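S.K.: could you look at this predicted model? Sequence included:
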Amino acid sequence: MSRQEICPHCRSDSHCCLNCSLYDEYAQNKCREPSAEWVSDREKNNFCELFIFQESKTASRKIGEQEEARAKLEALFKKKTT
């Protein structure tokens, strides 16, 4: 995928942090790759060489994993009623 590629449907930049499989809103620098440089606008194309396009299957699997982890935490810290 080239750095300047644009989505044919919505006309937004394709090579951006929000479309990268390493993007993580809660990670330091908002990227799971510790050597990544800071990117100020995550919706615009950038020069990151670590970019890996996020497939939709990966996104849905991540959501499922997050929901499962959240359910386990809720069960672990659930208040016991007597």
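M.R.: Okay, I see it. Numbers count the residues shown, from 1 in each chain.
S.K.: OK, contacts around S21?
M.R.: Contacts were defined as C-beta atoms under 8 Å, 6 or more residues apart in numbering; by that measure S21 touches 52-55, 58. All C-beta spots, glycine's among them, are computed from the backbone N, C-alpha and C.
S.K.: now Y26: how far from E67?
M.R.: In this structure, Y26 and E67 are separated by 16 Å, where distance is defined by C-beta to C-beta, to the nearest Å.
S.K.: quick revisit: narrow the contacts of S21 to those in strands?
M.R.: When the contacts of S21 are checked against strands using DSSP state E, none is located there.
S.K.: Throw those into CSV and include distance to L22 and neighbour count, thanks.
M.R.: What follows is the contacts of S21, written out as CSV (distance: C-beta to C-beta, whole Å; neighbours: other C-beta atoms under 10 Å):
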residue, distance to L22, neighbour count
I52, 6, 14
F53, 11, 12
Q54, 9, 15
E55, 13, 10
T58, 11, 12
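S.K.: okay, now the unreliable bits of this protein?
M.R.: Applying pLDDT under 70 to the chain flags the ranges 56-63, 79-82.
S.K.: where exactly do the helices run in it?
M.R.: Secondary structure of the chain by DSSP state H: the helices cover 56-76.
S.K.: out of everything not next to it in sequence, what's closest to the spatially most central residue of it?
M.R.: The centre of the chain sits closest to Y23, judged by C-alpha atoms, centre = their mean, with a distance of 3.5 Å. Nearest in space to Y23, with sequence neighbours left out and distances taken as C-beta to C-beta, 6 or more residues apart in numbering, is C17 at 4.9 Å.
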